[in-house]
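Engineer: Predicted model and sequence follow; I will ask about them next.
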Amino acid sequence: GCTSNEQSPTEAQTKAAGSGANTEPGKKVSIGFSAPAADHGWIAAITNNAKAQAGAYQDVELKSVEAGADAAAQRAALSTLISQKPDVIVLLPHDGKELNAFGLEAMKAGIPVVNLDRAFPDARAYRLQIKGDNYGMGVAAATYIAEQLKAKGVSNPVIGEIPGIESLELTQERSKGFADTLASYGFKVANRRPAEFTVDSGQQAATGLFQALPKIDAVWNHDDDQGIGVLAAVNQANRKEFLMVGGAGSKKAMEDIAADNTVLKATVTYSPSMASSAISLARLIGQGKGMSDLVELQVPKEIVLASETITKENASDYLKLGF
Amino acid sequence: MSDTGEPLVEAPADAVAGEVVLRLTDVVKTFPGVRALDGVQLEVRAGEVHCLLGQNGAGKSTLIKVLAGAHRPDSGEVVWRGEAAAFANPQAAMRAGIATIYQELDLVDDLSVAENAFLGHEPRRLGFVRRGHMARRTRQILARLGHAEIPTGRLVRHLPAAGKQVVSMARALSHEARLIIMDEPSAVLAHDEVANLFRIIRELTAQGIAVIYISHRLEEIREIGDRVTVLKDGRTTAASLPARETPTRDLVARMTGRTIEYVFPQRPPGDGGGAELLRVDGLTRHGEFADVSLRVRAGEIVGIAGLVGSGRSELLETIFGARRAYAGTVRVDGRALRPGSVGAAVRAGMGMAPEERKSQALLLGEPIYRNVTLATFSRYARLGFTDAGRERAEADRITESLELRPRDVRRPVRTLSGGNQQKVVVGRWLLGDTRLLLLDEPTRGVDVGARAELYQVIRDLAARGVGVLLVSSEVPEVLGLADRVLVMREGRVVREAPAGELDENTVLDLVMAGSLMEGAPA
Amino acid sequence: MSDVRESSLPAQSPPVERAETAKVDAPAKLSWWRGDGGEGAKRNLGLLATLVVLVVIGILTRPDLYGDPNWVWGNTLTILKLASVVGVVTVGMTFVIIGGGIDLSVGAIVALAGVWCTTVATQSYGAGGMIFTALTVGLAVGVVNGLLVSYGRLVPFIATLAMLVAARGLAAEISDKQTQVSGNTFINGIASTNVLGIPLLVYILVAVVAAGWVLLNRTTFGRRTVAVGGNPEAARLAGINVRRHTVLLYALSGLCCGIAAVMLTAQATSAQAAMANLYELDAIAAAIIGGTLLSGGRGTIIGSLLGVIIFSTITNLFAINNLSAEAQNMVKGGIIVAAVLVQQVQFGSLTQFLARNRATTT
Amino acid sequence: MSDVRESSLPAQSPPVERAETAKVDAPAKLSWWRGDGGEGAKRNLGLLATLVVLVVIGILTRPDLYGDPNWVWGNTLTILKLASVVGVVTVGMTFVIIGGGIDLSVGAIVALAGVWCTTVATQSYGAGGMIFTALTVGLAVGVVNGLLVSYGRLVPFIATLAMLVAARGLAAEISDKQTQVSGNTFINGIASTNVLGIPLLVYILVAVVAAGWVLLNRTTFGRRTVAVGGNPEAARLAGINVRRHTVLLYALSGLCCGIAAVMLTAQATSAQAAMANLYELDAIAAAIIGGTLLSGGRGTIIGSLLGVIIFSTITNLFAINNLSAEAQNMVKGGIIVAAVLVQQVQFGSLTQFLARNRATTT
Ligand SMILES: Nc1ncnc2c1ncn2[C@@H]1O[C@H](COP(=O)(O)OP(=O)(O)OP(=O)(O)O)[C@@H](O)[C@H]1O
Ligand SMILES: Nc1ncnc2c1ncn2[C@@H]1O[C@H](COP(=O)(O)OP(=O)(O)OP(=O)(O)O)[C@@H](O)[C@H]1O
Ligand SMILES: [Mg+2]
Ligand SMILES: [Mg+2]
C-alpha cells in the first residue's frame, strides 16, 4: 500500500478531467461502488482511486458501500445499493464466482455492472470487465528472474516464492503463470511460503523460506505490501545472495528498486489505477458514450491491463503510479 | 403409612425382610497415594437400616460409590442378591435396584426439581419427556417427603441447601430401589427435617427395602439404625453390631482407636466479658432477615440457632459484607464497616467460614495448604512474594490440630473426604490474627473425634480474646459451645439468652412453634 | 433389631411445622420469571429491546428508507436471510456449548461440506445427491469431533481447532483451491425462491430453530444436554452415558453445518474452501449474547436466534448508513457492549440488581 | 446438651493412635510430581516429548539440513524468534485464562499499539516515545477490557470480542489503512540485533516468561489469580478484591500485547491495522495445549511457552519440507491431536489412566 506516511498520491493515478471530448461534462451519472474492506494497501488504493476519480468529474456522483469482511457481507451491502437505483455499479467482488448471481440480478434490473479485477464466470453478469493480469504477473516475474539468472550463468537455480493469501484464485493464477514460465526455462520453484498480504505475515513467511533454503538464487514475492516484511526478514537473516522481484508496484518498492540497495531488483505491476479507469468508463457507459480513441461507439466489454516490469532503469517513470 | 395409603416406593414383590441382599468381602479400592478401601466387609439385609460409621476419610463415601457403580473396586467381591456383581457404571447399579443419595449434592442447577428427580430415567414417549406425568410423580414423592410446597417446575438453582437435599432424596425415591444408600443426608438438615427423614426411612424399611445410612451423629444412629458397621482406615473394624445395644464408648473406640472425654470443652468461669467487638443494629435484607441486632464481645462465643431457611447464613454473609444490607449497620470496635465490602470486613479482623464448602470456600484443584492460607497468604508474603515454606508450616500446624487426614498439606483438596474438606474451610480462619470469627455450620460432616478437637480450638481462640459468632443447625452444639444464644425464626431474632438458661427443648419449641409463639421476647 | 425400630420415636405428624417450612419457600415470594425457563425469557426480552433500539436507530438515521413500508418489509427479509446461515450453525453450537463443549470447526465444516457437495462428481447426482453429501459430510465430521472429545479425552477447544485446520485443508485439497460453481438450479433456487413472499431460507431457519427448541426443551436428549454441561459428574451418577451424549452433541452441530452448507452454497451459487470464514466466532458470539453460558449448563435457542438477528441487524444498519469499515468496527464494538449492558440493567428489579452487584463476575 | 457431654467417654491418651492414623497417608508415598505444582511439571514433560518427536520428524525428513550443526543452531534460534511475539502475548493470555477469563482482543491490541507507535507524530519522539506509546496503549486497552468485564459485568468473551472489533477499527482509522513504515533504527534493531549470538527477541521472550513465572508462582498476585479463576466466590469470601484483580489481569494482558507490538513492529519494520491477525487463537491454543484450563484456576507459564514453541516448530517443519498449504493444514490438525494424546497417555501411570478413564470429559 502507500508505504510512506505521507498522503497517498492518488492524483497521479487518476486522469484529470479536462482533455479530450469525453471529459466534457454530460448527463449526471450516479455510480454505485463496492470493494472489500481495505485491510491492506492495494485495496485501500483501489477505494481511494475510485473516490478521487469520481471527484474529478462534476457529473459523477459516487455512492460507495463498504463490503464488509466476506462475500456474504458484500452481498448484503450490495442489496442496499440496488435499492438506491444507481445508473452504473462498479464492483470489486470478494470472489467473482460467489457474486456472479448479484451481477446477473443487477444487469437484469437494467443496471450495467462494471466488474473490477475479479471476473464473473457468466458473461451476462457484467457490462464491462476491467482487471489486471494475474497470470501475466507471474509470467513477467518469472521471465525477469529467468533472464537474470541465465545472464549470470546459473544453471540449476534455487527459486523461492512468497504468494499472498493462498485461498484466493488470483494467487493461484499468479503462481501458475510463474511456474509455467519458469518451466519453459527448465526451472522450478524450490519452496513456496504463502503470506497474507500483511507485513508481519510477509516477514514470517520469508523467515520460514530462508530457513528451508540455505542458499537462494531468486525470490518472487507477490505483493509489495507484504514485501516490507519480506525485506525486513532479509535484513534480519542477513541474506544477500539472491535477487528478489516484487508484485503490484507500491511506491516504496519503486523507490527501493531505484535506490538499488536491497535485494529487490524489480517489481511487476498490478496497478490499483484500474479503479480510476473503471470509474471513467462507468461514467461513459452511464452517458452512453464510447472511448474517443476507439472507433466503436460503446465502451468495450473487457479490458485487461498489462503487467509491466519495473526495474532500476524505468523506476523513475513509474514512480508516480506507485501507490 | 403414608398420608394417602399409596406406598411411597413400589415394594419389590419378592422382598423378604431379613434376607441378606448385599454382601461385600475384602473390597479394596486405591487412589493414587491412598488406599481408600483396604479390605471392607459388609452385609446388608432387606428391611434393615444399616449404619456405616467411621472417621472422616475412613472410606465410607468411597465404599458407597463402589456400590453405586461410580467407582470400580480394585479387588474383592460384591454379592448382590445372591449374584456376584461389580457394577460397571451407575446405570447398572440403578437397574439392579440400588439408589444413592450422595454426600456432595449431585444436582443440575439449571434443571427443574422434577427434571432433577428423574434425571437419567425420565418418563418418556418417543424421546419426548412426559412432562405432566413427571411433574405429577415428582409432586407425589415430594408430598410424601413432606415437602409438597416445593414447586416441581422451579429450577434447582433457586432452592436453598435443604431444598436441594430434599430433591436428592426425591431422586433416590423415584427409582424402584431395593437398597437406598444415604451418605450423610442429615448434614444439611435441621432437627425437624431429620425427624421427617426418619419417618420416611421407616416407611421404606417396612416395605422390605434396605437402607445404608451414613452419619456422624451417633444419636441418630441409635434412633434409626438396626445394625452398625464401623470402618477405620478403609478396613472394617466391626461388622454388624446391634445399633442400640453397643455402647457409645465401643463405637467411638472402634472408629477412632481412642475414646473421647468431653465433647464440649468446659466453659471458662465468669461471663466471658471482654470489650464489645461486633455490634450489629437493625440489619435487614427483605425476604431473608429483618431488624437483627446483636453484639459479640471479645472472648465470647455467640451461637445462633434456627431452622433451615431462617436466614442465618444470609445474616452472617451480610455482616461479613458479602451481601449488602438494605438497612442497618455493622460496627467493629465501634467503627462502622463499609457495607457490601468483604475487604473492609477482613481488614477489620473478621473471618467467615461459609456454609457451602465446595461452591463458596474451596479451590478444589489446589493443594490443601494453599486453601488453608487462602485468606492469609499475603500476611506471610514479603514485598508481594509468597513464602510457601511458612505457609506450609502454618497450615501443617492448623491441620494437625484439626486431625486432618491425610496429613500431607500438598495434596489437592479435591482428594479429601467431605469432612476433611470442611476442616480445611474452618482451619483457614483459625490462622492469622482474626479477631472475630463467623462460623456457618462449621462441623457439617465432621466426625466425632475431630469435632471435639474443633470445639476445643474454638474455645481456645475465645480464651485468647477472639469473638465468635456461630451458626449451627444442631441445637446441642449451639447450647454446648456458645456462651450466649440467639434463636432465629423467619429472619427475626425471637430470643436471646445465656446458654445456661436454655435447654434443647426450649430452643426447639422457639424455633419450630412458629406463629404459635408470636410475641415471644425478642 | 426389630426392637430398635419399635423403640424409635413414633412418627410425628408434622403438618404444623411443615406448613411453617412451606411458608419459607413459598413460590409466592418469587417473581414469575424465577420459574422454569423464566430467566431465559427475561433475558430474551432484553435482547428484543436491543433489537428495537437498533431499528429505532435505523429509522432515525434513514427516515427516507424507513418511510417506505415495502422497503422495510424487504429489508426485514434481507436481515433474516442474512441471519439464516449463521442462525442454523448457531443452533448446533448452542447445543454443544450448553453441553459443556465448544465447536471451533463449524465454519470449516460448512466449507468442507459445501465444497464436497459441489464437486463435479457430486453434482452429477443432482440436487438430492448434493444435499445428501453435504449433510453426511457435516454429520461425519461432527462425529469425529465428538469422538475426539469424548473418547479421545481432548479438550474441546483443541480438538475442534485441530478439526478447523484439517477440514479447511481438506476442503482446499478437494476443490484444488478453486471456487466451484454450482450448476444445479434446484440448489441455487433455495436461495432465490420465495414462498408466500417469504424467502425459503427463512423457512429453513425457522424450521431448524423450532426443531432445536423442541429438542432442547421437550426431549430427554435436550434435558440431558443441560445436565451433561451443567454438572457432568451428576449426569454420570444419574446413569447418563456422558460420552455417547457428547458425541451426539457434536454430531448435531456437524449436521447443522451440513444444512448451512447447502444454504450458503445456494446463496453463493458456488462453494470454496475459504467460505464461511470465522463463522465459529459469529456463532459463539451470538449464542453467548443470547445468554448461553460459555461454561455450559445453560442457554436458550431463542436467545441464540435473537443474538444472530441482532448481529445481522447491526450489519444491515451499517450498510444502509454506508459507514466506513473502520467506523463500522468501532461502532460495532460499542453496540455489542451496550446491547449486553441494556440487557443487564433494564429488566432487572432493584433487588436483583443489588444481588448481582455483590456477585462476582468471572 | 449436658447429656451429650455425660455420655461421652473418659479420656485416654491418644498419641499412639494418632501416629497410626498419620502413617496411612505419609507423604513419602506420593510420587515427586504429586507435590507442589507437580502435575503441571508432568504435563510439561509430555510437551517436551512432543517437541522431541517433532524434531525427530524434522531430522528424518530433511537429514541434509539437520546434518549441518550451524544450520540446526540457526534454525533453533529462528523457531524461538518466530515464537517470541506470540509467546509474549501468550504469557498475558495465560494469566487471564487462569483468572477465569479470556481475551479475544490480543491481536487487535497488538495491531493498535503497533499502529499508534508508528504514526508520524509518535515516531518523532524517537524510540523511547514509540515504546512508551505501545506499552501505554496496550495497558490502557487492557484496563478498559478489565473494567468492562469486572465492573460492567460483561462476559469476557463478549467484552473482548467487542474490543477486538473496535480496536481493529481504531487502528485502521489511525493508520488510514496504510502500512506505516518504522524509520527508527533502534526499534528495527530490536529484531535484528544479536547478543552473544542469540537474538534480542529471544532474550525479551525469556525475560517475559521468567517474569510471568515468578509472578504466577511466587507472588501474591499469582495466588490471587489462581483463586479468582478457580472459585471466584471463595476468593471473594477470603477477602480478595475479585473485581480489582480482574482489571489487573486484563491490564497485564494488554501490557504484554504492548510489548509484543514493539517486537512485531521491529520484525516487520512497519505496522498496519491488519497485523497480528488471529493471534488470539494462537495464544489461546498454545495456553490450552500447555495445560491451562479454559474454565480457569489452573495453568502454567512454562506449559504455555512450550505450547507456543510446539506451534512454531510445526510451522518450521512445514517450511523446511515445503508442504503445500492444504497439506499443511491437514497434517497440522493431526499433529495437534497427536500431541495432546501423547501427553495424556505416555506419562500417566496405569492407575491414573484408569482413573481418568472413568472420569467424564467435559
Ligand atoms: N478421587 C480421589 N482421589 C484421591 N483420593 C481420594 C479420592 N476420593 C477419596 N479419596 C481418599 O480416600 C479416603 C476415603 O475418603 P471417603 O470420601 O471415602 O471418606 P469418608 O469416610 O466418606 O469421609 P467423610 O466422613 O469425611 O465423608 C480419603 O483418604 C480420601 O482422601
Ligand atoms: N437461591 C435462593 N433463591 C431463593 N430463595 C432463597 C435462596 N437461598 C435462600 N433462599 C431463601 O432465603 C431464606 C434464608 O435461607 P438460608 O438457607 O440462608 O437460611 P439459614 O438459616 O442459613 O438456613 P441453613 O441452615 O440452610 O443455612 C429462606 O427463605 C430461603 O428460602
Ligand atoms: Mg464421605
Ligand atoms: Mg445457612
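Structural biologist: On my side now, so go ahead. Ligands and ions are numbered 1, 2, ... in the order given.

Engineer: secondary structure element for residue 280?
Structural biologist: Answering for chain A, as no chain was given. Assigned by DSSP states H and E, A:Ser280 falls within helix A:274-287.

Engineer: nope, chain C
Structural biologist: helix C:279-289.

Engineer: If you drop the residues flanking it in sequence, what lies closest to A:Ala123?
Structural biologist: A:Lys301 (7.9 Å; CB to CB, 6 or more residues apart in numbering or on different chains). All C-beta atoms are positioned from the backbone trio N, CA, C, and that covers glycine.

Engineer: still on that earlier bit, the helix or strand following the helix holding C:Glu280 packs against which elements?
Structural biologist: With elements assigned by DSSP H and E, the helix or strand that comes after helix C:279-289 is helix C:301-321. Other helices and strands packing on helix C:301-321, by 3 or more CB pairs under 8 Å, 6 or more residues apart in numbering or on different chains; DSSP states H and E, are strand A:60-66, helix A:71-82, helix C:38-61, helix C:69-98, helix C:200-218, helix C:279-289, helix C:325-346.

Engineer: So is the last one next to chain D?
Structural biologist: Yes. Residues of helix C:325-346 are located near chain D by CB under 8 Å from any CB of the partner chain, namely C:325-334, C:336-337, C:340-341, C:344.

Engineer: Most neighbours out of these, which is it?
Structural biologist: When neighbours are taken as other CB atoms under 10 Å in any protein chain shown, the top entry among the residues of helix C:325-346 next to chain D is C:Asn329 (27 neighbours).

Engineer: contacting residues around it?
Structural biologist: C:Asn329 makes contact with D:165-166, D:168-170, D:172 under the criterion CB atoms under 8 Å, 6 or more residues apart in numbering or on different chains.

Engineer: Model confidence score at it, please.
Structural biologist: If you check C:Asn329, the pLDDT there is 78.

Engineer: on that earlier part again, quick one: which of the contacts of C:Asn329 is nearest to ligand 3?
Structural biologist: Of all those, D:Val165 has the smallest distance to ligand 3: 49.6 Å, by CB to the ion.

Engineer: got the phi/psi numbers for the closest one?
Structural biologist: Main-chain dihedrals, D:Val165, degrees, to the nearest 10: phi -60, psi -50.

Engineer: ok, it - contacts?
Structural biologist: By CB under 8 Å, 6+ apart, the neighbours of D:Val165 are C:329-330, C:332-333, C:336, D:108.

Engineer: where does the chain dip in pLDDT?
Structural biologist: Since you didn't name a chain, this refers to chain A. Where chain A drops to pLDDT under 70, the residues are A:1-21, A:38-39, A:69.

Engineer: my bad, chain C
Structural biologist: C:1-40, C:342-362.

Engineer: again, only using 50
Structural biologist: Along chain C, segments meeting pLDDT under 50 span C:1-36, C:346-362.

Engineer: Which positions in it make contact with chain A?
Structural biologist: Applying CB under 8 Å from any CB, we find that chain C lies next to chain A at C:65, C:71, C:74-75, C:78, C:82, C:85, C:172, C:177-179, C:181, C:188, C:191-192, C:264, C:267-270, C:272-275, C:277-278, C:312, C:315-316, C:318-320, C:322-325, C:328.

Engineer: how distant is stretch C:154-171 from the center of its chain?
Structural biologist: 19 Å (CA atoms, centre = their mean, to the nearest Å).

Engineer: Okay, buried residues for that stretch please.
Structural biologist: Along stretch C:154-171, these residues count as buried under the neighbour rule (16 or more other CB atoms under 10 Å in any protein chain shown): C:154-171.

Engineer: and if you look at stretch A:106-116?
Structural biologist: Quick answer for stretch A:106-116 (16+ other CB under 10 Å): A:106-107, A:111-116.

Engineer: Same check on stretch B:231-241?
Structural biologist: Neighbour-count burial for stretch B:231-241 [16+ other CB under 10 Å]: B:231-238, B:240-241.

Engineer: B:Lys423 is in what secondary structure piece?
Structural biologist: helix B:418-430.

Engineer: which one is the residue in chain B that ligand 3 sits nearest to nearest to, not counting chain neighbours?
Structural biologist: Using CB to the ion, the single residue of chain B nearest to ligand 3 is B:Ser61, 3.1 Å away. In this structure, B:Ser61 finds its nearest non-sequential neighbour in B:Gln103, 5.2 Å apart by CB to CB, 6+ apart.

Engineer: Please settle this for me: is that neighbour part of a helix?
Structural biologist: No. When classified by DSSP: H, G, I helix; E, B strand; the rest coil, B:Gln103 is found to be coil rather than part of a helix.

Engineer: residue contacts, residue 67?
Structural biologist: As the question left the chain open, I've gone with chain A. A:34-37, A:73-74, A:77-78, A:92, A:94.

Engineer: not what I meant, chain B
Structural biologist: So B:Leu67 contacts B:22, B:24, B:78, B:87, B:93, B:98, B:100, B:179, B:181, B:212 (CB under 8 Å, 6+ apart).

Engineer: Let me know the closest of those to A:Leu209.
Structural biologist: B:Phe87 (60.0 Å; CB to CB).

Engineer: B:Ala96 is in contact with that closest one, correct?
Structural biologist: Yes. Contact criterion CB atoms under 8 Å: B:Phe87 and B:Ala96 qualify, at 6.8 Å.

Engineer: what's the overlap in contacts for those two?
Structural biologist: Between them, B:Phe87 and B:Ala96 share no contacting residue, judged by CB under 8 Å, 6+ apart.

Engineer: okay, the two: which has more neighbours?
Structural biologist: A count of neighbours by other CB under 10 Å puts B:Phe87 above the other of B:Phe87 and B:Ala96, at 22 against 16.

Engineer: which residues of the stretch 51-200 of chain A fall in strands?
Structural biologist: Secondary structure of the stretch 51-200 of chain A, counting by DSSP state E, counting those that start in this stretch: strands at A:60-66, A:88-91, A:113-116, A:128-131, A:159-162, A:189-192.
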